[in-house]
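Enquirer: Dropping a prediction and its sequence here:
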Amino acid sequence: ACGGTSSSGSSESKEDKGIAIAYDVGGKGDQSFNDAAYAGLKQAEKEFEYKTADVEPTDGETDADKEQRLVSLAKQGYDPVVGVGYAYATALKGAAEKYPDTTFGIVDDSTVELDNVADLVFSEEEASYLAGVAAAKTTKTDVVGFIGGVDIPLIHKFRAGFEQGVKDTNPDVKVIPQFLTQTAEEGGFSSPDKGKAAAEGQIEKKADVIYTAAGLSGQGAIEAAAANKVWAIGVDSDQYAQEALAKYKDSILTSATKDVAKSVYKLAQSVEDKAPRTGILRGDLTSGEVGLAQSNPVFANNAKLQDVIETAKKKIISGDIKVQSS
Amino acid sequence: MTAVELAGITKRFPGVVANHDIHLTVRKGTVHALVGENGAGKSTLMKILYGMQKPDEGTIAIHGETVSFSSPADAIARGIGMVHQHFMLADNLTVLENVVLGSEKLYGIGAKARRRIKELSERYGLGIRPDLLVEELGVAARQRVEILKVLYRGATTLILDEPTAVLVPQEVDALFDNLRELKAEGLSVIFISHKLGEILSVADDITVIRRGTTVGTAVPAETTSRQLAEMMVGSELPTPETAESTVTDRAVITVDTLRLAAPGGKALLDDISFTIHAGEILGIAGVEGNGQTELVDALIGLRAADSGTIRLADEEITGWATRKRREEGIGYIPEDRHRHGLLLEAPLWENRILGHVTEKPNAKGFWLDPKAAQEDTRRIVREYDVRTPGIDVTAASLSGGNQQKLIVGREMSHRPRFLIASHPTRGVDVGAQAAIWDHIRQARREGLAVLLISADLDELIGLSDTLRVIYDGRLVADADPATVTPEELGTAMTGAATGHLEHEETPETPADARKAGADTPGTAADAPESPEDEAR
Amino acid sequence: MTAPTTATDVNQPSLQPAAPTGRRMSWPVLLLVIAGALALVSIVRIITGADGITNVSQMSTALQLAVPIGLAGLGGLWAERAGVVNIGLEGMLILGTWFGAWAGFQWGPWTGVLAGIIGGCLGGLLHAVVTVTFRVNHIVSGVAINILALGATRYLAPLAFEGHQGGSAKQSPAVEPLGHFTVPGLSDALRDLNAKGWFFVSDIAGLLGGLVTNVSWLTLIAVALIPATWWILWRTAFGLRLRSCGENPVAAESLGVNVYKYKYLAVIISGGLAGLGGAFLSIVANPFYLEGQVSGRGYIGLAAMIFGNWMPGGLAIGAGLFGYTDSLNLRGGSTNVHALLLLGALLLLVGAIWLAIRKKYVHAVITLIVGALVFAWYAGTNEVPNQVVAATPYVITLVVLALSAQRLRMPKADGLPYRKGQGG
Amino acid sequence: MKKFDKERVLLAVAGPVIALAVAFALSAIVLLASGKNPVEPFALMFEQATFSDIQILIVNQASMYYIAALAVAIGFRMNLFNIGVDGQYQLGAIMAAVVGAHMNLPAFLQVPLLLLTAVFTGAFWAGIAGVLKVTRGVSEVVATIMLNAIATSLIVYMWKPDVFGVKIGNNSTTGEMHESGWVPGIDLGEAGEIYGLIVLAALLGIGYWVVLNRTRFGFDLRASGASTTAAAASGVNPKRMVLTAMLLSGGLAGLAGLPILLGDSHTYNLNFPTGIGFLGIGIALLGRNSPVGIAFAALLWAWLDKASPELDFHGYDKEIAVIMQGLIVLSVVVSYEAVREWGLRRQQRRVGAELAAGHVLGADNNTTKEVAGR
Ligand SMILES: Nc1ncnc2c1ncn2[C@@H]1O[C@H](COP(=O)(O)OP(=O)(O)OP(=O)(O)O)[C@@H](O)[C@H]1O
Ligand SMILES: Nc1ncnc2c1ncn2[C@@H]1O[C@H](COP(=O)(O)OP(=O)(O)OP(=O)(O)O)[C@@H](O)[C@H]1O
Ligand SMILES: [Mg+2]
Ligand SMILES: [Mg+2]
């Protein structure tokens, strides 16, 4: 090898540089956690009036490429540098060791334990548990459906929490689980048509509440639910409020939210305040970064239902209920 | 009245002048023969007339009108039809589809076209069934499909490029009857053949071209085939005559009751038995497609026999793989050199290795020895007079004759005990032909056993020590090459005669004999219905 | 893919024409086979109680999933019938999705469909230029087009979609629906019949119901393209000329057919069909373009075409098989596929009997043992793992091919370079 | 020794160079059309190639591309299209990862064990397609496409916790491999580490060349590729050759994922790079199935991959690199073809000239001597 390294080459001024995020495959525009992280970044950018950066990955890249990307961002002076998605774990560890003075954040991963790393993880299973409670209380047929985008551990958490919530509320209710694809490359998170087919299959088996944790594919499931006049439960953000789904919003009972934006923003804020938060920062029911959306009035105004949910939530927070994550 | 007039045609290919200032005039309602050595430029000239290739210089006039063709479609529109040297048929399409292709406007592609085909087929006695796949047809039937294609288009000028190369004499006669009929209807025919006897019997005029240019014309009535040949090559015609017999009593290859069946169970080869001794050439005569290919495949090990045995000297080799057979001294000159004998895109020296990769000098144990192989290739090029600028050029860039010489050189270099020579001189010009014959004779003197398969009956008769006739997968007849005539062989080849062919005395030369044969009852004219095609 | 051959037919051994060529299966036989298969499925449904395997929605989902695959396959068929291997179908589908959505969201879905077709045609045109004019290896060109289409759409997506409502760098704004239809009385009648659960009749009703219930107009067009392709290619002069270019271009040339022209047309049409498949994905299946939407359907389409022996009917069956198994999988995969195990066991049993009749006892016993194992799997479990479900379509395809493939018969000059005036 | 043919060398070099120039020019047009500076992106990407850390990324990536492309190329060399390298290398890698996590032998045994595991897994998977082709005539293209999909399911199955899976955070992995199976890299300090198995890639390249060009087997394989019929007549058993080539291709493919597995990730997880097998097709063809050509192609490809992310920082879409990859393949193959035909014609002209030297076409009297002289 000759010459210096790429990052030693670019020595721009470090002033006025704030948060930077590096996306996982899917990248910006996935209408899921990548977009949520971007929302957090935008908020920080607006608030702190500094320069930010967001970078996309390439197909089939290796950990070394990811590390190179993070290092490059850190070298340019961005702080904090956030890797969106557990895929960044190995890479982020390497980068964080090289730049101990920069704060790093990683979404959806708690395996990197370094002084300058914030692990932004979420208890999706807790929100899913509540979704399960809502589903069990709402179903009239005693059949509910779960649609997972891809058969991976992250999605297993949603399923585990949901199933537990249903069973704890009403053991007679049957959950029909369905994963759309085995790998993300096959389009499990980005095939509304697949989501729709799966939902229709479940509806035919009498399911009348369907919980989807399938990224964009969820849109298809929600469409099918609306067409067949059954309930859908959304995921990640408050899907009742999403423009793209406005047509079907009356069928969206609630959504199990996961506020990546807030979490990312809070990290940026702590760095700006010169008191970087590090270690495992868990977004859970307690912190309010996961939960059930309340924007559908039918749902919010159903006092009986809200009572049960509130009770379950308290029990989870107090530790009386331990929600399984797989 | 001239049907076609070609004047001053010149056509250059990279490095070759295929046609140089050629003149050809065809009178209406005649058969005009075009003769010349291999590579003389006959096919090229005809392709130019048919619009497949554009001349660099010269003019074409049809019925007195100067024309310029940019594709065969233009030529067809002018009433020109061509039967190509190599069949132009799509195997996976039906006869009907092959016939109507390109001229769908005439009668559509359905019932009307079918009717028209049947009509033509009956009128000219072609015996064609429109709904068979071409793949299922025999050679002669394909030939007739080609002719039907031309007639279907209502051609007034027919070009037949070596139509008789794959036909037996009786089929040839039937074809000539058809030609005469067409001629009587006012059609003009341009006819290419290497068989001079045929030409003398059918042509009204003859044009001879040599090395790309017209060297003269001849009138059949006043010309002998010898004279024609001398015009063609500018020298005496070599003949494949065997000198003294060298047959020994040492059996080299012994085939016993060999049987080979098609997947359906039909026997492709049945009850084949023969022995070839050291120094003996066994010639097999037969219409193509009667099991010759299968026999060769079985001998070289490309197909396993269903029953029967093959012995090489004292060893039984029936179960041996091709490689082992070749290593043990079976040489192989394949009938289709492009498909079985050469790697066209590979340099000559790699082609020298082909088939003998495990043998010296090509390999040292597990490893190739390119240096030695290249050295030996140079030797072959020298000794066998392969015309090439070097051994690094690809085989594809050599002419057919030179390719064949390379193959012969390669096979002979390994001193085979037994040589399978399938059409060793097909498509090879006279000079190279003589050289190849010499090499085979030389090896025979040294004790080589040869199985010779050839469509050229003169070659078969001239080279062989013993002759057998194969028909429908069986060896049905044998003959003494010293006395048998091509006509007698031809009769047996159609299955009409079996057993030992006794010779009836005819004093003429073979070419004249053929003329006479055409008039002999029993051998002529029944060819169109020849059973080997219609059996399918 | 095949060694170059010459037009020298003289040397073809003609005594063995009937080498395993597999004559075209006659219609009655084909129908019988299909009916037999359906009857078996019906038995399985009744035994297992997996009603999902033949009901109306199952079939209509299957149809929808089969359409893009079938269109890609048809694209492959057109190209290969003219002698050009088209492995660039994937890229042409991608172009179709992008162009379809891009025009669709601005000027309406039908314009989108048209644009999708044009997008695919552009891909086809490029493939034609490279393979026909420049005689480059067809596979190389296809691979390059796949890469190029991916890069180009990704590059263009942000430029075209960002800033529009609902659009992003990876997704187009929504396209208006194209509309679909349900044949009024028929659909309900068939659905009722299907719900009765009768042997065979209900299954047929399910199959037919899928064809008349909630069918998009584009689906109808796609289905109609199958017989249309057959008619054009096998019953018109145009089709004959086109096919002759794939069988023996030199012969075609010698009869005045402009081989280049037909090859170009075929490959462009091929691209257009794939583009239509792409537009289907981004307009009907989903109302928008999404990056990665095609996810390998082009390759599957190619496989369906080979599966179908380069014939439209066979291709439709192949695409239907993929659509059907995929739909089974999405609509409650585990139990449905579990039911298929029984079907597999039954089929193996039938196979074993057939082999025994043909006196192939060793094969029969092996088949029987495998059948017994599959049955044991069926009997011993209630569900199959998700992974087995996901792999089902591919395993079935392999098995079917393994049982039938030696009859495959591709166009003779498929994939070979052709140059005008070289013949003879 | 062969004469140094200047014209020939020029030809060999001119083809790719012209093609690259055309590809760059076309990409620049795309940039211009979208209103961007057509030159700067290239300048940026060339600059990237001068940085040592990027160089290491390029070389590491290229090592995997190289092996995958060799696997594809060996198939092409005998007219087999192994489109299933993708599934084969992934399966090979996951099997090696599983074995590496559950067996712990001394390094000098462990590493060969892992390599062999990968080779046999890949060969087995490709072998299925080979056997189907040989015994049932199933097109290897379809079979390997199907096997790719099945491999995906198999991998997900192996990730299940009750099979071989170990969950780490939200990632599915096969558990960390024992250190004895790690292959140390070439440490270049701050710039990073070159995978140790790059040596393997180089050896495979040399082995590929030697086997193909210097052994009897290699000759048979090439002959089969050039003409199945001629090869059969020369004594090659075509079925066995198909199967052997498929097994070889699969075995090589099995190794394609190992540089990163043994050199860096030490586990097979959701991040494991996919799609290398498909890229291998383009790279093999770009490199004209020759080991040296493939090496250049792999480096070129890896450079485009690794240098393009930088474009993001300068307001360019890095997809332009993907477009360039497509354009490069196309223009390179077109120019290859043109050059090849040119060379062929030139050769024929030489042959023709040689023949003409003996006797000029148009006939004169010495032809008599020619024919009689034999
Ligand atoms: N397409 C071509 N490209 C280059 N050269 C060609 C081409 N076709 C023919 N030739 C050259 O033109 C010469 C004349 O060939 P042509 O096929 O016309 O010979 P012919 O007289 O028909 O020979 P044959 O008796 O073998 O059929 C050949 O020797 C060959 O060198
Ligand atoms: N299609 C072609 N493309 C390029 N060159 C050709 C072609 N056909 C023939 N040639 C050239 O013509 C010459 C020999 O061809 P020709 O057809 O005359 O040989 P031939 O004696 O008839 O052999 P064969 O019997 O094998 O056809 C060679 O130099 C070859 O390069
Ligand atoms: Mg000729
Ligand atoms: Mg010739």
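Expert: Sure, I can see it. Ligands and ions are numbered 1, 2, ... in the order given.
Enquirer: Report how many residues lie close to whichever residue of chain C sits closest to chain A.
Expert: The minimum distance from chain C to chain A, using CB to the nearest CB, falls at C:Arg331 (2.7 Å). For every residue, glycine as well, the C-beta is placed using N, CA and C. Here the number of neighbours of C:Arg331 (other CB atoms under 10 Å in any protein chain shown) works out to 26.
Enquirer: Quick check: which element contains the closest residue to it other than its chain neighbours?
Expert: Take C:Arg331 and drop its neighbours on the chain: the residue closest to it by CB to CB, 6 or more residues apart in numbering or on different chains is A:Gly201, 2.7 Å away. Applying DSSP states H and E as the criterion places A:Gly201 in helix A:192-204.
Enquirer: What of B:Arg410?
Expert: Per DSSP H and E: helix B:400-413 holds B:Arg410.
Enquirer: Which secondary structure elements does that helix sit against?
Expert: strand B:330-333, helix B:348-353, helix B:370-383, helix B:430-445 (3 or more CB pairs under 8 Å, 6 or more residues apart in numbering or on different chains; DSSP states H and E).
Enquirer: And ligand 3, is that helix touching that?
Expert: No. For helix B:400-413, no contact with ligand 3 is found by CB under 5 Å from the ion; the gap never falls below 10.1 Å.
Enquirer: Report the angle between that helix and helix B:430-445.
Expert: Angle of helix B:400-413 versus helix B:430-445, following axes from the mean of the first three to the mean of the last three CA atoms, to 10 degrees, is 10 degrees.
Enquirer: Give me the contact list for helix B:400-413.
Expert: B:38-39, B:331-334, B:337, B:341-342, B:348, B:351-352, B:354-356, B:376, B:379-381, B:383-388, B:395, B:398, B:419, B:424-425, B:427-429, B:431-432, B:435-436, B:439-440, B:443 (CB atoms under 8 Å, 6 or more residues apart in numbering or on different chains).
Enquirer: Averaged pLDDT, that helix. What do you get?
Expert: What helix B:400-413 shows for mean pLDDT is 86.
Enquirer: Repeat that for stretch B:282-302.
Expert: 85.
Enquirer: ok, that stretch near chain C or not?
Expert: Yes. Residues of stretch B:282-302 contacting chain C under CB under 8 Å from any CB of the partner chain: B:288-291, B:293-294.
Enquirer: any idea which of these is closest to B:Ile60?
Expert: Distances from B:Ile60 to the residues of stretch B:282-302 next to chain C, taken as CB to CB, are shortest for B:Glu288 (34.3 Å).
Enquirer: The closest residue to the closest one other than its chain neighbours: how many residues sit nearby?
Expert: Spatial nearest neighbour of B:Glu288, chain neighbours left out: B:Val139 (4.9 Å); criterion: CB to CB, 6+ apart. Applying other CB under 10 Å, we find 24 residues neighbouring B:Val139.
Enquirer: And for A:Asn301?
Expert: Neighbour tally, A:Asn301, other CB under 10 Å: 10.
Enquirer: about what we covered before: of the residues of stretch B:282-302 next to chain C, grab the buried ones for ChimeraX.
Expert: The following ChimeraX line selects those of the residues of stretch B:282-302 next to chain C that are buried, judged by 16 or more other CB atoms under 10 Å in any protein chain shown:
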select /B:288,289,290,291,293,294
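Enquirer: Select from the residues of stretch B:282-302 next to chain C every entry located in helices.
Expert: B:293-294 (DSSP state H).
Enquirer: Could you export the residues of stretch B:282-302 next to chain C as JSON lines, including distance to A:Lys66?
Expert: Listed next are the residues of stretch B:282-302 next to chain C as JSON lines, based on distance: CB to CB, whole Å:
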{"residue": "B:Glu288", "distance to A:Lys66": "67"}
{"residue": "B:Gly289", "distance to A:Lys66": "66"}
{"residue": "B:Asn290", "distance to A:Lys66": "70"}
{"residue": "B:Gly291", "distance to A:Lys66": "68"}
{"residue": "B:Thr293", "distance to A:Lys66": "62"}
{"residue": "B:Glu294", "distance to A:Lys66": "63"}
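Enquirer: and of the residues of stretch B:282-302 next to chain C, the nearest to chain D?
Expert: Nearest member of the residues of stretch B:282-302 next to chain C to chain D, counting by CB to the nearest CB, is B:Thr293, at 11.8 Å.
Enquirer: Surely the closest one is in contact with B:Pro334?
Expert: No. Judged on CB atoms under 8 Å, B:Thr293 makes no contact with B:Pro334 at a distance of 9.8 Å.
Enquirer: if we can go back for a sec, can I assume the residue nearest to B:Glu288 is in contact with B:Gly289?
Expert: Yes. Contact criterion CB under 8 Å: B:Val139 and B:Gly289 qualify, at 5.7 Å.
Enquirer: List of residues touching whatever helix or strand comes next after the helix holding B:Arg410?
Expert: Scanning forward in sequence from helix B:400-413 by DSSP H and E, the next helix or strand is strand B:418-422. If you take CB under 8 Å, 6+ apart as the criterion, strand B:418-422 is touched by B:252-253, B:276, B:292, B:296, B:299-300, B:312, B:329-335, B:411, B:440, B:443, B:448-454.
Enquirer: Looking at the residue lying closest to C:Ile94 once chain neighbours are set aside now. What's its pLDDT?
Expert: Leaving aside its chain neighbours, C:Ile94 sits nearest to C:Ala149 (4.5 Å; criterion: CB to CB, 6+ apart). As predicted, C:Ala149 sits at a pLDDT of 93.
Enquirer: Could you measure from B:Val255 over to C:Pro158?
Expert: According to CB to CB, to the nearest Å, B:Val255 stands 75 Å off from C:Pro158.
Enquirer: Neighbour count: the two, which is higher?
Expert: Comparing B:Val255 with C:Pro158 by other CB under 10 Å, the one with more neighbours is B:Val255, at 22 against 18.
Enquirer: can you give me the strands in the stretch 151-300 of chain D?
Expert: Remark: strands assigned in the stretch 151-300 of chain D by DSSP state E, counting those that start in this stretch are D:166-168, D:171-173, D:186-187, D:193-194.
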